[in-house]
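**Student:** with the input below, show me the fold.
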Amino acid sequence: MACTAAESDFNGDGLRDTAIADPDATVGGKALAGTVTVVYGGDAGVVQLHQDLAEVPGAAEAEARFGKALAHADLNGDGCADLVVGAPYKDVGTARDSGAVYVVHGAPGGLGTGSASLAYDQTGVTASEGPEAGDLFGYALTGGTTSTSQPFLAIGAPGEDVGSIMDAGSVHYLSGKSLANVVVTQASTGVWDNPEAGDRFGAALASTDRYFAVGAPGEAIGTEVFSGAVLVFSPSLNTSGVPDPVFGFAQSATAGSDTSAEAYDRFGTSLAMVATRAGTETTPLGAQLAVGIPGEDIGSITDAGAVGLYRVNPDKTLVTVEALVHQDLAGVEGDAAAGDFFGQQVALVNTAPTAVASGSTVKFAVGVPGKESAAGAEHLDKGGVQIFPAQADVGTSDEWIDPGWGIPGVPEHQMFAGSSLAGTPQALLVGVVNPAGSTPGAVYAFDWSVAGGGAPARTFVPGEGGIPAGGTAFGSVIR
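**Tutor:** Numbering: from 1, shown residues only. Coordinates of the predicted model:
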């Protein structure tokens, strides 16, 4: 049987599969070693991966946090999606928390039954300055196939020092059939701005077949530290041998407006990107981009959080759709509150990729892990998720779900609902790492058209449906 190249289809049966990480799981007595559970579509089985298995290179290591980042892409061109797993706290030699990335190839027999798995750790093909303590290589991942049918994988290392500039950050970009590696930093030719200490370029990544975006949530804008920025690249290599820089942007450097850059806004903490078409059905594809700003103050409300919504046009220009989406916007359900961290996670979907984009086909979801119960401090950090049309005037048809209102169970303290999100055209996947009861995490799949408080279409829970029991923070990362 040959693979059929469906997105996130690891066994080639034409159905999407779901990868769910528990980077805090204990493996072989090693705390925080991490596991990734893959649920095959069509009830075709479940497999749990960790580094004490033959099909995953290396060995389980305490505090490596295998699964802290996930991506999928057909990197070897066989039509099956391959699973990419980040372990950013993996030690490499004596370099503590240098980080590593693993590629487990898909095959008709399932993950790990085909081509040999690969490991990258800034030695060999991904060598740059070599592994250093605190690089966090593999902290963020994105991958896919370009519009010219070339596979690519971007790996964030936000703790990488650029020369003597600490924690400036870098992105390793692997592309083509050989997955040749180039390293991109803000010191690379043509890249927006300059590397600065603490920029953490590469802390978030998102992509389509025409663009990829890089978050630098520590970027200083003027004197405003950790204000944040986002840089967009084309996946094609330019004459300097790096992905072609398209532009970089941040909030306004001019003080006094709602969109002014402020210290600790952390613009670019989370990113989501999908291909979209504006204008007519013959208009070339561009992209929609959602940018999480969880540290944004709304008026005097500290760390309420916000999301910026943008469009990247086919001519590589940037259009602001909504500069700040937040819970104090007119028509939006709920109210902004201190410490909500609205935008800590974002997910974006285009349910009709070939059609002209509209608010009914392009939607985004926002994680609000610090949200309290409406009664005040009754349930601290219960969390929740808000779903919006990806258009101007987002409050026209937004929906809200949270524990006890759509998310099963009763609300409790520190459930942090919305701390992990993922989206497919069929479903919004919501992780709750501390659900009510004794379950070590759960993932709920909702229809994108769900009404506020509506029930999930499917639930993934350890110990049920073939998913191994146990774990620590199941659902921390979803793809």
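**Student:** roughly how far does R210 sit from A357?
**Tutor:** Counting by Cβ to Cβ, to the nearest Å, the separation of R210 from A357 is 15 Å. From N, CA and C alone the C-beta is placed, and that goes for glycine too.
**Student:** same check, this time on L111
**Tutor:** Applying Cβ to Cβ, the value for L111 to A357 is 33 Å.
**Student:** same check, this time on K90
**Tutor:** Using Cβ to Cβ, K90 is found at 40 Å from A357.
**Student:** again, but for T142
**Tutor:** For T142, the distance to A357 (Cβ to Cβ) stands at 21 Å.
**Student:** stretch 226-242: end-to-end distance?
**Tutor:** 26 Å (Cα to Cα, to the nearest Å).
**Student:** what comes up buried for that stretch?
**Tutor:** Within stretch 226-242, the residues that count as buried by 16 or more other Cβ atoms under 10 Å are F226, S227, G228, A229, V230, L231, V232, F233, S234, P235, L237, V242.
**Student:** ok, what's across the strand from the closest residue to G202 other than its chain neighbours?
**Tutor:** Once flanking residues are discounted, G202 sits nearest to G156: 3.2 Å by Cβ to Cβ, 6 or more residues apart in numbering. Beta bridges link G156 to A140, V171 when assigned by DSSP bridges.
**Student:** residue boundaries of the strands in the stretch 1-150 of the chain?
**Tutor:** Ranges of strands within the stretch 1-150 of the chain are 18-22, 35-39, 46-49, 69-73, 82-87, 100-104, 118-120, 140-145, based on DSSP state E, counting those that start in this stretch.
**Student:** so which of those strands is nearest S260?
**Tutor:** Evaluated over the strands of the stretch 1-150 of the chain, closeness to S260 peaks at strand 140-145, with 26.5 Å, by Cβ to Cβ.
**Student:** contacting residues around the closest one?
**Tutor:** Under the criterion Cβ atoms under 8 Å, 6 or more residues apart in numbering, residues 69-75, 84, 86, 101, 151-156, 158, 202-209, 212, 215 lie in contact with strand 140-145.
**Student:** check the offset of that strand from the chain's centre.
**Tutor:** Distance of strand 140-145 from its chain centroid, counting by Cα atoms, centre = their mean, to the nearest Å, is 10 Å.
**Student:** please save the CA atoms from that strand in CSV.
**Tutor:** Only the C-alpha atoms of strand 140-145 are listed here, as CSV (Å, rounded to 0.1, in the frame of the first residue of the first chain):
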residue,chain,number,x,y,z
ALA,A,140,9.5,25.5,18.2
LEU,A,141,9.0,23.6,14.9
THR,A,142,7.1,24.1,11.7
GLY,A,143,7.4,22.2,8.4
GLY,A,144,5.6,21.3,5.2
THR,A,145,6.0,21.3,1.4
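**Student:** how close does G77 get to P243?
**Tutor:** Going from G77 to P243 by Cβ to Cβ gives 20 Å.
**Student:** higher neighbour count, these two?
**Tutor:** Taking neighbours as other Cβ atoms under 10 Å, G77 and P243 compare with P243 leading, 25 against 14.
**Student:** chain neighbours aside, what residue packs nearest to F152?
**Tutor:** Among residues not flanking F152 along the chain, S175 sits closest, at 4.3 Å (Cβ to Cβ, 6+ apart).
**Student:** can you get me a residue count around the one you found?
**Tutor:** 21.
**Student:** pLDDT wise, what is it at?
**Tutor:** S175 carries a pLDDT score of 94 in this model.
**Student:** quick check on it: phi, psi?
**Tutor:** phi -150, psi 160 (degrees, to the nearest 10).
**Student:** that one pairs with what?
**Tutor:** Bridge pairing for S175 - DSSP bridges - gives F152, A180.
**Student:** show me the contacts for it.
**Tutor:** S175 makes contact with T146, Q150, P151, F152, L153, P235, L237 under the criterion Cβ under 8 Å, 6+ apart.
**Student:** closest one of these to G384?
**Tutor:** The closest of those to G384 turns out to be L153 (Cβ to Cβ; 32.6 Å).
**Student:** run a quick neighbour tally on the closest residue in space to the closest one that isn't next to it in sequence.
**Tutor:** Closest residue in space to L153, ignoring its immediate chain neighbours: G143 at 4.1 Å, by Cβ to Cβ, 6+ apart. Look at G143: counted by other Cβ under 10 Å, it has 23 neighbours.
**Student:** which of the three states applies to G395?
**Tutor:** Taking DSSP: H, G, I helix; E, B strand; the rest coil as the rule, one finds G395 in the helix state.
**Student:** which pLDDT value goes with it?
**Tutor:** G395 carries a pLDDT value of 79.
**Student:** which pair in the buried residues of stretch 226-242 spans the largest distance?
**Tutor:** Farthest-apart pair in the buried residues of stretch 226-242 is F226 and L237; separation 31.2 Å (Cβ to Cβ).
**Student:** ok, D244 touching S236?
**Tutor:** Yes - the criterion here is Cβ atoms under 8 Å, and D244 meets it with S236 at 5.6 Å.
**Student:** neighbouring strands - and their directions - for the helix or strand hosting A365?
**Tutor:** Take DSSP states H and E as the rule and A365 turns out to sit in strand 362-367. The strands beside strand 362-367 in its sheet (DSSP bridges) come out as strand 345-350 (antiparallel), strand 385-389 (antiparallel).
**Student:** A275: which of these is closest?
**Tutor:** Of all the strands paired with strand 362-367, it is strand 345-350 that lies closest to A275, at 6.6 Å by Cβ to Cβ.
**Student:** can I get the CA coordinates of that closest one in PDB?
**Tutor:** What follows is strand 345-350 as a C-alpha-only set of coordinates in PDB (Å, rounded to 0.1, in the frame of the first residue of the first chain):
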ATOM      1  CA  GLN A 345      -1.800  30.200  22.300                       C
ATOM      2  CA  VAL A 346      -3.600  30.700  18.900                       C
ATOM      3  CA  ALA A 347      -4.900  28.400  16.200                       C
ATOM      4  CA  LEU A 348      -6.100  29.400  12.700                       C
ATOM      5  CA  VAL A 349      -7.900  27.400  10.100                       C
ATOM      6  CA  ASN A 350      -9.200  27.800   6.500                       C
END
